[in-house]
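# Pasting the sequence and the predicted model now:
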Amino acid sequence: MKKEDVLLEGKTEPAFSGELLHNKKNGKYLCGHCGTELFESYVKFDSGSGWPSFSDAIFGKLKLIQDKSLGMDRIEVKCAKCDSHLGHLFDDGPKPSKKRYCINSLALTFKDNT
């Protein structure tokens with residue numbers, strides 16, 4: 001699967017296949033298409049889902065859209081700047097937000113703080 005399949009066509013990479021899944025470095029996660037900063041590394045957590053998961057996003061950087069495809073009722077997460085597909089949002093994350101931004105590794109790039 002290619003980055004464009006996820007970002008531009010809304011596909012989902014296979015679980016546990018992304019190179020950023022186990023990334024533990026300190027930095028920021030950016031949109032893989034336009035480079036907008038989306039998530040801080042300190043809100044990333046291991047959800048066990050097979051995709052990078054975040055409990056919060058940088059304010060105003062995401063667009064949330066109701067997604068009823070595939071017979072499910074979900075919230076699609078897109079980059080607010082370029083409209084690229086990133087993943088989905090669920091309400092089963094850690095407290096206090098209880099949010100889990102389940103994001104494809106292929107939709108992201110990482111900028112190390114060092």
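Yes, it's here. Numbering: from 1, shown residues only.
# and Phe90, what does it touch?
Contacts for Phe90 (Cβ atoms under 8 Å, 6 or more residues apart in numbering) come out as 74-75, 99-100, 102. Heads up, the C-betas are built off the backbone N, CA and C, glycines and all.
# measure Lys78 to Lys25 for me?
Separation of Lys78 from Lys25 (Cβ to Cβ, to the nearest Å): 25 Å.
# With neighbour numbers in mind, choose between the two.
Lys78 (19 against 12; other Cβ atoms under 10 Å).
# sec struct for the more buried one, please.
Lys78 falls in the strand class when you classify it by DSSP: H, G, I helix; E, B strand; the rest coil.
# just Gly87 next, same as before
With three-state DSSP as the basis, Gly87 sits in strand.
# contacting residues around Ser105?
Here Ser105 is in contact with 13, 17-21, 51-52 (criterion: Cβ under 8 Å, 6+ apart).
# whoops, I mixed them up, Lys68
Arg74 are the contacts of Lys68 under Cβ under 8 Å, 6+ apart.
# 6 Å instead, please
With Cβ atoms under 6 Å, 6 or more residues apart in numbering as the criterion, no residue contacts Lys68.
# now the strands for this structure?
For the chain, the strands defined by DSSP state E occupy 27-31, 37-40, 44-45, 53-54, 62-67, 74-79, 85-90, 100-103, 108-112.
# May I have the fifth one as PDB, with CA atoms only?
What follows is the C-alpha trace of strand 62-67 in PDB, where atoms were taken according to Å, rounded to 0.1, in the frame of the first residue of the first chain:
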ATOM      1  CA  LEU A  62      -8.200  18.300  12.200                       C
ATOM      2  CA  LYS A  63     -11.600  18.100  10.500                       C
ATOM      3  CA  LEU A  64     -14.000  15.500  11.800                       C
ATOM      4  CA  ILE A  65     -16.700  14.100   9.500                       C
ATOM      5  CA  GLN A  66     -19.400  11.500  10.100                       C
ATOM      6  CA  ASP A  67     -18.600   8.300   8.200                       C
END
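# Since that was my last question, I'll sign off now.
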